[in-house]
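Asker: Build me a model:
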Amino acid sequence: MPALPLYLIANLLFGLNGIIAASIPFESSVIVLSRLILGGGFLGILLLTLRRAAARRGTPFTTLTRRQLVLLVLSGFAMGASWLCLYAGFQTIGVGMTTLLYYTGPVMLMAFLAVTGEDRFAGSQWLGLAAAAAGAALAIGGGDFTLSGGVLIGLLSAVCYAAMVWTARRAGHVDGLTAASLEMAAAFPLVLIYAWSTVDAFPTAADVAAVWLPLAVLGLLNTGVGCAFYFYAVSRLNASIVSAGGYLEPIGALVFSAIFLGESLGVTGWTGAALVLAGTVIAGRSSGKE
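Answerer: Predicted coordinates:
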């Protein structure tokens, strides 16, 4: 299949994550743990299979330096923290609002890079950052949310997302499948320790059997297969298509949460969501040129 359809499918699958998680009656940290086990396991097996095939053909595969390994492990810790906050937000303030707050992560990262001088920003890009920040504030107010509880968790997921991407960026060029597999492997012990220390009782085998289908879809299909499609496609598409297609995930999550979960941001909230997405597009123009 051509790369573009696979990329679009991957982003739509990612946009459904919160919807599927809403049908799993487990603690949010347990859902994240199951996602890492199934999705990370799938990607790990796929990576080992591809590495062995490459070795038989005599084709060189990614070799990591110690510095890259350390940075990807740190990025994985940030990923684990981000997912913990994201799924806790799903259960606290809903999928749509949490997704919107999570999507301010790229804006936070761009602002950080601009302030520290790692990236140079034009005036229009600063305007985009301001629009995205104003949109987030508008969406929070329009949804009758306050800066407490779930909203702070959603914003923290965005901060952790920005930290994850920034750390991975400093690792230099590493193929996406290798990076994702290592990050998930690093995230697993962090999430396990958190879940073990906060969950009163883990689901029994009967509990898992009762919701095996959404667990499998979230872990194997949306995370495992979705990430495989995503990284295969990204390596074959130009930056502008990748950037534009990536907006399917948050848009899909907002639309799906309204259709399947009955969530609504209201007119003011939807206006804020549009500002966040538009501001991110404007602020991210430099990334498409690199």
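Asker: longest helix anywhere in the chain?
Answerer: Under DSSP state H, the helix in the chain containing the largest number of residues is helix 66-93.
Asker: after that helix, next one along is what?
Answerer: Counting by DSSP states H and E, the next helix or strand C-terminal to helix 66-93 is helix 95-102.
Asker: mind exporting that following helix as PDB, just the C-alpha atoms?
Answerer: Only the C-alpha atoms of helix 95-102 are listed here, as PDB (Å, rounded to 0.1, in the frame of the first residue of the first chain):
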ATOM      1  CA  VAL A  95     -11.100  12.800  25.700                       C
ATOM      2  CA  GLY A  96     -11.700  15.900  23.600                       C
ATOM      3  CA  MET A  97     -10.400  18.500  26.100                       C
ATOM      4  CA  THR A  98      -7.500  16.300  27.200                       C
ATOM      5  CA  THR A  99      -6.500  15.800  23.600                       C
ATOM      6  CA  LEU A 100      -6.700  19.500  22.900                       C
ATOM      7  CA  LEU A 101      -4.500  20.300  26.000                       C
ATOM      8  CA  TYR A 102      -2.100  17.500  25.000                       C
END
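Asker: which residues sit against it?
Answerer: Contact with helix 95-102 is made by 15, 18-19, 21-22, 82, 86, 89-90, 92, 136, 139-140, 143, 145, 150-151, 153-155, 157-158, 161, 250, 253-254, 256-258, 261, 263-265, 269, 272-273, 276, as judged by C-beta atoms under 8 Å, 6 or more residues apart in numbering. To be clear about C-beta, it is placed using only N, CA and C from the backbone, and glycine gets the same treatment.
Asker: quick check, distance from the helix or strand that it is followed by to the centre of its chain.
Answerer: Moving toward the C-terminus from helix 95-102, the next helix or strand (DSSP H and E) is helix 105-116. Mean-position distance between helix 105-116 and its chain equals 17 Å (C-alpha atoms, centre = their mean, to the nearest Å).
Asker: what's helix 105-116 in contact with?
Answerer: Contacts of helix 105-116 (C-beta under 8 Å, 6+ apart): 82, 118-121, 125-126, 129, 132-133, 157-162, 165-166, 276, 279-280, 283-284, 287.
Asker: Please indicate which of those residues are buried?
Answerer: Neighbour-count burial (16 or more other C-beta atoms under 10 Å) applied to the contacts of helix 105-116 gives 82, 119, 121, 125, 129, 132-133, 157-162, 165-166, 276, 279-280, 283-284, 287.
Asker: Next step: these restricted to helices.
Answerer: 82, 125, 129, 132-133, 157-162, 165-166, 276, 279-280, 283, 287.
Asker: what's the distance between residue 182 and residue 71?
Answerer: Using C-beta to C-beta, to the nearest Å, we find residue 182 at a distance of 10 Å from residue 71.
Asker: Repeat that for residue 1.
Answerer: With distances defined as C-beta to C-beta, the gap from residue 1 to residue 71 amounts to 33 Å.
Asker: So for those two, which residue has more residues nearby?
Answerer: Each of residue 1 and residue 71 has its neighbours counted (other C-beta atoms under 10 Å); residue 71 has more, 22 against 9.
Asker: Excluding chain neighbours, give the residue nearest to that one in space.
Answerer: Nearest non-adjacent residue to residue 71, counting by C-beta to C-beta, 6 or more residues apart in numbering: residue 171, 4.0 Å away.
Asker: Now the one you found, what are its backbone angles?
Answerer: Backbone torsions for residue 171, taken as degrees, to the nearest 10, come to phi -80, psi -10.
Asker: That one: how many residues sit nearby?
Answerer: The burial count for residue 171: 20, using other C-beta under 10 Å.
Asker: With the one 10 residues further on instead?
Answerer: Residue neighbour count, defined by other C-beta under 10 Å, stands at 25 for residue 181.
Asker: what's the average pLDDT for the one helix or strand it maps to?
Answerer: Here residue 181, judged by DSSP H and E, is contained in helix 176-198. Averaging pLDDT along helix 176-198 gives 96.
Asker: any low-confidence regions in the protein?
Answerer: Applying pLDDT under 70 to the chain flags the ranges 141-148, 239-240, 284-290.
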